[in-house]
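Q: generate coordinates for the sequence data below:
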Amino acid sequence: MSQKSRRRIAVVAVILAALMLLTAIGGGILSMIPTASGAPTQRELDRQKEQIKQQKAALSHLKDEKAQLQGAFGKVQDSQAGIIEQKEQYDILIGNLEEEIAAANELLAGYKVMLAECQKVLDESEAEEKALQAQYAERIRAMEGMGNISYLSILLRAESLTDLLTRWDAVNVIMEHDKALEEELLAKSRQILADRETFVLGLQEQETVRQDLAARQSELAALSRDADRLMNAYTLDLARIEAEVYSTEGDIKKQQESIAAAEQEYRDEQKAYDEFIAEQKRLNNPYVGGEYMWPVPGYYHISSHFGKRLHPVYKVVKQHNGIDISPTPKGTPIVASNSGTIIIRKKYAGYGNYVVLDHGGGQATLYAHMSKFADGQKVGTFVDKGDTIGYIGSTGVSTGNHLHFEIHQNGAPVDPEKPGLLKQ
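A: Next up is the predicted model:
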């Protein structure tokens, strides 16, 4: 093999080694993108984007549900308006019937007055008839008291033809008078009886009319009560639907806020991801070696472990890419778990004040929610294992003072509790 060929092979080997090193280092850096529950990989960013898409679909469904509720609300309002109009008609008819019943009662009262007057006249007529009959009988008894005197005996006692004719005329006058008086009394009695019967029939007819009007009024009153019940039911339906619309609007608002927060978080993480890509191209450090030490000496309780969990703030299940060490008093020193270079030292919405150390060879550690950074350090500063890099706090999305701690190897977060990885 010629010297030129050996030189080419050596160059290729160097390039391949450099590419492998960059890939290893780059993988570690790529994994350090911050979120509220752990620094994600590109896969996690894609999954988060899909979750935002699903949230928007849920929001669209909520808006459709609100539109359906508003449509139902409008239909119930129309039905209620129809019932209100119908009840108004019932009320008008009931008012008219009340006037008719009042008129019928007034007419009944008039009939009763006329009937009472008719009865009074009839009683008077009957009394007059009885008086005449008594007078007629008295005359007959008087005539009988004078002997067997009759109309015939009166005629037979005539002394002359002239006297006979006179007596005949007198007897005819008496007879006609008695007959006319009797007929007059009978006619008067018949008329009174006829009038009384007419009044009684009128009274009965008006009573029937009054009862029919009262029955119709009762029916309309029942219909009006039914209309009232329907209106009350529609009012309850409207209140229920309005409450559902209000609740749905609240859900829509919450969903919109959740989407806005998720989109902002995604934009922040994408920006940080881009920054890491740029940083991984710049750095090319070998692994410093050695094991990782506990980052908060003296405080060893883990309140939240690595893996899937219900986020304490967002209340959704998310991957937790590290461990939470708490309770720890605010201001407790946080130390570098291994020697390395500070590649991130900034405040972030999710993590608050946080630091990322690059330990070379594709390995890095992350420390979040610091109350403040250690003095005299900045991005690019090399810190030794055990040096203070910050202090315990609760900045960012946090529910209390604690340290969120992550370890990344070859582009992926690993469980810090993995045996042999982190020494307490």
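
Q: residues of stretch 406-423 that come out buried?
A: Judged by neighbour count using 16 or more other C-beta atoms under 10 Å, the buried positions of stretch 406-423 are 406-409, 411, 413-416, 422. Any C-beta I mention is one placed from the backbone N, CA and C, and that applies to glycine too.

Q: no no, stretch 90-106
A: Using 16+ other C-beta under 10 Å as the test for burial, stretch 90-106 gives 90, 93-94, 97, 100-101, 104.

Q: excluding residues flanking it in the chain, which one is nearest Y287?
A: Nearest-residue entry for Y287: G361, 2.7 Å, with adjacent residues in sequence omitted and distances by C-beta to C-beta, 6 or more residues apart in numbering.

Q: with the buried residues of stretch 90-106 in mind, which one is nearest to Q119?
A: Checking the buried residues of stretch 90-106 against Q119 with C-beta to C-beta, the nearest one is A104 at 22.0 Å.

Q: verify the stated contact: that closest one with T208.
A: No. Using C-beta atoms under 8 Å, A104 and T208 do not qualify as a contacting pair, with a distance of 9.7 Å.

Q: if we can go back for a sec, taking the buried residues of stretch 90-106 together, which two end up most distant?
A: With C-beta to C-beta as the measure, no two of the buried residues of stretch 90-106 lie farther apart than Y90 and A104, at 20.2 Å.

Q: quickly list what F382 is bridged to.
A: Using DSSP bridges, the bridge partners assigned to F382 are T341.

Q: where in the stretch 51-200 of the chain is pLDDT low?
A: Across the stretch 51-200 of the chain, the stretches falling below the confidence threshold (pLDDT under 70) are 111, 136-137, 139-158, 167, 169-171, 175, 178.

Q: which of the buried residues of stretch 90-106 sits closest to G400?
A: The shortest separation between G400 and any of these is 65.9 Å, and it belongs to Y90 (by C-beta to C-beta).

Q: which SS state does that closest one fall under?
A: Counting by DSSP: H, G, I helix; E, B strand; the rest coil, the backbone at Y90 sits in helix.

Q: residues contacting it?
A: Y90 sits next to 220, 223-224, 227 when contact means C-beta atoms under 8 Å, 6 or more residues apart in numbering.

Q: among the residues you listed, which are located in strands?
A: Counted as lying in strands by DSSP state E, out of the contacts of Y90, is not a single one.

Q: the helix or strand where A194 lies: how far from the chain's middle?
A: Counting by DSSP states H and E, the secondary-structure element that holds A194 is helix 161-282. For helix 161-282, the separation from the chain centroid amounts to 31 Å (computed by C-alpha atoms, centre = their mean, to the nearest Å).

Q: out of the buried residues of stretch 90-106, who's nearest Y391?
A: For the buried residues of stretch 90-106, the closest approach to Y391 (C-beta to C-beta) belongs to Y90, at 78.4 Å.

Q: now I323: phi and psi?
A: Recorded main-chain torsions at I323 are phi -130, psi 150, according to degrees, to the nearest 10.

Q: what's the local residue count around it?
A: The local packing count at I323 equals 23, with neighbours defined by other C-beta atoms under 10 Å.

Q: and what of E291?
A: Other residues lying near E291 total 11 when counted by other C-beta under 10 Å.

Q: against N338, how distant is it?
A: As judged by C-beta to C-beta, to the nearest Å, E291 and N338 stand 8 Å apart.

Q: between the two, which contacts overlap?
A: With the criterion set as C-beta under 8 Å, 6+ apart, the contacts of E291 and N338 do not overlap.

Q: from the buried residues of stretch 90-106, which land in helices?
A: In this view, these that belong to helices under DSSP state H are 90, 93-94, 97, 100-101, 104.

Q: coming back round to it: among the contacts of Y90, the buried ones, what's the PyMOL command?
A: Those of those that meet the burial criterion (16+ other C-beta under 10 Å) are gathered into one PyMOL selection, given here:
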select buried, resi 220+223+224+227
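
Q: which of the contacts of Y90 sits closest to Q68?
A: A227 (27.5 Å).

Q: if you drop the residues flanking it in sequence, what lies closest to the closest one?
A: The shortest distance from A227 to any non-neighbouring residue, by C-beta to C-beta, 6+ apart, is to K87 (3.9 Å).

Q: could you look up the SS state of the one you found?
A: Going by three-state DSSP: K87 is helix.

Q: wait, doesn't it sit right on R225?
A: No. With the criterion set as C-beta under 8 Å, K87 and R225 do not qualify as a contacting pair; they are 9.6 Å apart.

Q: these two: which is more packed in?
A: K87 (18 against 12).

Q: now for the more buried one: which residues touch it?
A: By C-beta under 8 Å, 6+ apart, the residues touching K87 are 224, 227-228, 231.

Q: tell me which of those residues is nearest to Y246?
A: Among the contacts of K87, M231 lies closest to Y246 (C-beta to C-beta), at 21.9 Å.

Q: burial of the closest one, as a residue count?
A: Neighbourhood size, M231 [other C-beta under 10 Å]: 17.

Q: and if you look at K112?
A: Other residues lying near K112 total 13 when counted by other C-beta under 10 Å.

Q: and A81, by the same measure?
A: Close neighbours of A81, defined as other C-beta under 10 Å, add up to 12.

Q: for the remainder of this discussion, apply numbering that starts at 10.
A: Got it, first residue is 10 now, which makes that one A90.

Q: distance of it relative to S313?
A: Here A90 is placed at a distance of 57 Å from S313 (C-beta to C-beta).

Q: quickly list the domain ranges of the protein.
A: As assigned by automatic domain parsing, the chain contains the domains 12-38+294-432, 78-255.

Q: got these as CSV, with distance to Q279 columns?
A: Written out in CSV, the entries for the domains of the chain read as follows (distance: least, C-beta to C-beta, whole Å):
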stretch, distance to Q279
domain 12-38+294-432, 13
domain 78-255, 36
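
Q: closest to K58 out of these?
A: Proximity to K58 (C-beta to C-beta) singles out domain 12-38+294-432 among the domains of the chain, at 14.2 Å.
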